[in-house]
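[1] pasting a predicted model and its sequence here:
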Amino acid sequence: MENLIIIPARLESSRLPNKPLAEIAGVPMIIHVMNRAIESKCGDVIIATPNKEIFDIVNFYNGIAIMTKFSHESGSDRIFEALEKYDKNKKYKIIINLQGDLPNINPLLINLTYKLLTEDSSADISTLCSPIFNKREIENPNIVKAYIKNLVRPIYANDFVRIPGSYEHKKLFHHLGIYGYKRRSLKKFISLSQSPREKELKLEQLRALDNGMKIVIDFTDDIPIGVDTENDLNNIRKEFE
């Protein structure tokens, strides 16, 4: 395959430490995410991690893990190091960055992220979002929102926020933790310095927008649970049970 799915994972999450190794139905969360990626049949799959504990768990479950530096500022920086180490011959043309805290993601969404890039020659990055029907989601800073001015296809993100600020609520959408990159776009992205907004909000996609890169978006009603807190982890455990 010419596509590679890379799942960045580290133990040092500020809100839920060690979450990649949290067991869900007896299996570490990172392995559930790896299995969803494999089920998508969208590309080869590797885990990018600075932690030996994650490396060993992935190998125990017959996956492929690549050790990376601790110092990366974002998941995309981490996946680029893993890509360069794993793919020295530059075989892969499209890279999917799948967050390691989406254990119940529908594999079809991974395919949709890939398809967006193949259909839009001008886009640098692809991602997904879903409608927001609950006012509490709008105000919840743990739920990242994509702001979209114009819903005429192809649809591009104009901004990403944690709280709505002055944006119209009807133009805010629940952002899902998955990105597709054309390889050249990923290389450009990691060559850029973190933007002030990226540092402030801890949203790496703002680095792309603040430097004029185009992020194409599609919609889904199939929202995976992103595990950011202990409550999220309890909810996902109940779902798997």
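    Structure received.

[2] drop to CA atoms for contacts and neighbour counts, all remaining ones
    Noted.

[3] gap between the helix or strand of the chain with the lowest mean pLDDT and the chain center?
    Here the helix or strand of the chain ranked lowest by mean pLDDT, DSSP states H and E is helix 135-139, holding a mean of 91. Chain-centre distance of helix 135-139: 21 Å, with Cα atoms, centre = their mean, to the nearest Å.

[4] which elements pack onto the helix or strand just after it?
    Per DSSP states H and E, helix 135-139 leads on to strand 145-147 as the next helix or strand towards the C-terminus. If you count contacts as 3 or more Cα pairs under 8 Å, 6 or more residues apart in numbering; DSSP states H and E, strand 145-147 packs onto strand 159-161, strand 172-182.

[5] buried sites along the least confident helix or strand of the chain?
    137-138 (16 or more other Cα atoms under 10 Å).

[6] let me know which of the helices and strands packed on strand 145-147 is tucked in deepest.
    Of all these, strand 172-182 carries the top mean neighbour count, a mean of 23, counting by mean count of other Cα atoms under 10 Å.

[7] strand partners (parallel or antiparallel) of it?
    Here strand 172-182 is paired, per DSSP bridges, with strand 94-98 (antiparallel), strand 125-130 (antiparallel), strand 145-147 (antiparallel).

[8] about what we covered before: and of the helices and strands packed on strand 145-147, who's closest to L233?
    Across these, L233 has its closest neighbour in strand 172-182 (16.0 Å, Cα to Cα).

[9] and the angle from the helix or strand following that closest one to strand 94-98?
    Once the chain leaves strand 172-182, the next helix or strand it forms, by DSSP H and E, is helix 183-191. Here helix 183-191 points in a direction 50 degrees away from that of strand 94-98 (axes from the mean of the first three to the mean of the last three Cα atoms, to 10 degrees).

[10] just how off-centre is helix 183-191 within its chain?
    In terms of Cα atoms, centre = their mean, the centre of helix 183-191 is set 16 Å apart from its chain centre.

[11] one more: stretch 147-161?
    18 Å.

[12] and for the least confident helix or strand of the chain, what's in contact with it?
    132, 143, 145, 162-164, 169, 172 (Cα atoms under 8 Å, 6 or more residues apart in numbering).

[13] likewise stretch 200-214?
    Applying Cα under 8 Å, 6+ apart, the set of residues contacting stretch 200-214 from outside is 74, 76, 122-125, 156-162, 189, 192-195, 197-198, 215.

[14] how does it look with 6 Å?
    Stretch 200-214 has contacts (Cα atoms under 6 Å, 6 or more residues apart in numbering) with 123-124, 194-195, 198.

[15] most neighbours among these, please name it.
    D124 (22 neighbours; other Cα atoms under 10 Å).

[16] correct me, but that one touches L186?
    No - D124 is beyond contact range of L186, at 8.1 Å (criterion: Cα atoms under 6 Å).

[17] in TSV: the contacts of helix 135-139, plus pLDDT.
    Below are the contacts of helix 135-139 laid out as TSV (pLDDT from 0 to 100):
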residue	pLDDT
I132	93
I143	89
K145	97
R162	96
I163	95
P164	95
H169	95
L172	97
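
[18] I'd like to know which of these are buried.
    Of the contacts of helix 135-139, these count as buried by 16+ other Cα under 10 Å: 132, 143, 145, 162-164, 172.

[19] nearest to M29, of those residues?
    Distances from M29 to these, taken by Cα to Cα, are shortest for I143, at 19.6 Å.
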